[in-house]
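**Q** Pasting a predicted model and its sequence here:
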Amino acid sequence: MFTSVLMIEKPLTPEDVDFVTTLHGEERISFVVLLQPRGDQADVLLRAIDDVAMGELKEAVREGEEPEGSEAREPAEIGLEYSLRALRQAGSEAVGQVIEDHPLDKLTTVVEEAGADEVIVLTAPHYVEEFFHRDWASRARHKVGVPVLKLFAHSE
């Protein structure tokens with residue numbers, strides 16, 4: 001069985017589930033899902049710039065309204081359970097956890113413990129972070145020792 005560590009920022013959409021569960025054709029996949037909620041370290045300005053770059057001006061204005069830090073924990077846990085259930089319904093094995101501190105350190109540990117074959121970073125575009133190679137996928141490529149695939153999450 002192929003094992004993928006799947007890093008996400010928000011619950012998976014049905015399109016995301018179909019996308020990640022069919023990446024390897026008919027091969028069965030086991031997922032370890034790591035969901036990082038928006039934390040206090042998240043930069044509202046960078047997210048707003050990304051929204052503007054994508055032409056989503058209304059989203060840029062609302063960036064400060066999203067729960068962050070400890071307020072984001074409960075919605076993240078609900079989103080994780082929803083995502084795990086969706087992956088299982090699609091025929092994959094799936095376990096996961098919400099991570100808040102040092103996500104790349106946790107990723108490295110999980111990859112080693114699970115004997116993962118790959119890491120999939122499923123994220124919205126983050127143009128500023130990507131330009132400076134500060135996004136999860138760019139940084140993970142230097143830490144985990146397995147292939148890292150960056151995919152863009154589908155919007156609802």
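**A** Happy to help now that I have it.
**Q** Only C-alpha atoms from now on, for both contacts and neighbour counts.
**A** OK.
**Q** Give me the buried stretch members for whichever helix in the chain runs longest, please.
**A** Ranked by residue count and defined by DSSP state H, the top helix of the chain is helix 73-89. In terms of neighbour count (16 or more other C-alpha atoms under 10 Å), helix 73-89 has its buried residues at 73, 76-77, 79-81, 83-84, 86-88.
**Q** Distance to residue 142 and pLDDT added to the residues you listed, as CSV?
**A** Shown next, in CSV, are the buried residues of helix 73-89 (distance: C-alpha to C-alpha, whole Å; pLDDT from 0 to 100):
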residue, distance to residue 142, pLDDT
73, 28, 75
76, 27, 86
77, 28, 93
79, 28, 93
80, 26, 95
81, 29, 97
83, 27, 97
84, 27, 98
86, 30, 97
87, 28, 97
88, 30, 97
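**Q** show me where pLDDT drops low in this protein?
**A** Along the chain, the parts satisfying pLDDT under 70 run over 38-72, 125-137, 155-156.
**Q** and of the buried residues of helix 73-89, the nearest to residue 22?
**A** Comparing the buried residues of helix 73-89 against residue 22 with C-alpha to C-alpha places residue 87 closest, at 11.1 Å.
**Q** Can you give me every residue that contacts that closest one?
**A** Contact partners of residue 87, counting by C-alpha atoms under 8 Å, 6 or more residues apart in numbering, are 17, 21, 93-94.
**Q** Tell me the one of those nearest residue 101?
**A** In terms of C-alpha to C-alpha, no member of those lies closer to residue 101 than residue 94, at 21.8 Å.
**Q** Please identify which pair of the contacts of residue 87 lies farthest apart.
**A** Between any two of these (C-alpha to C-alpha), the greatest distance is 12.4 Å, for 17 and 93.
**Q** neighbour-wise, which of these two wins?
**A** The neighbour count for residue 17 versus residue 93, taken as other C-alpha atoms under 10 Å, is higher for residue 17 (21 against 17).
**Q** Okay, buried residues for whatever helix or strand that one lives in please.
**A** Taking DSSP states H and E as the criterion, residue 17 maps to helix 14-21. By neighbour count with 16+ other C-alpha under 10 Å, helix 14-21 contains the buried residues 16-17, 20-21.
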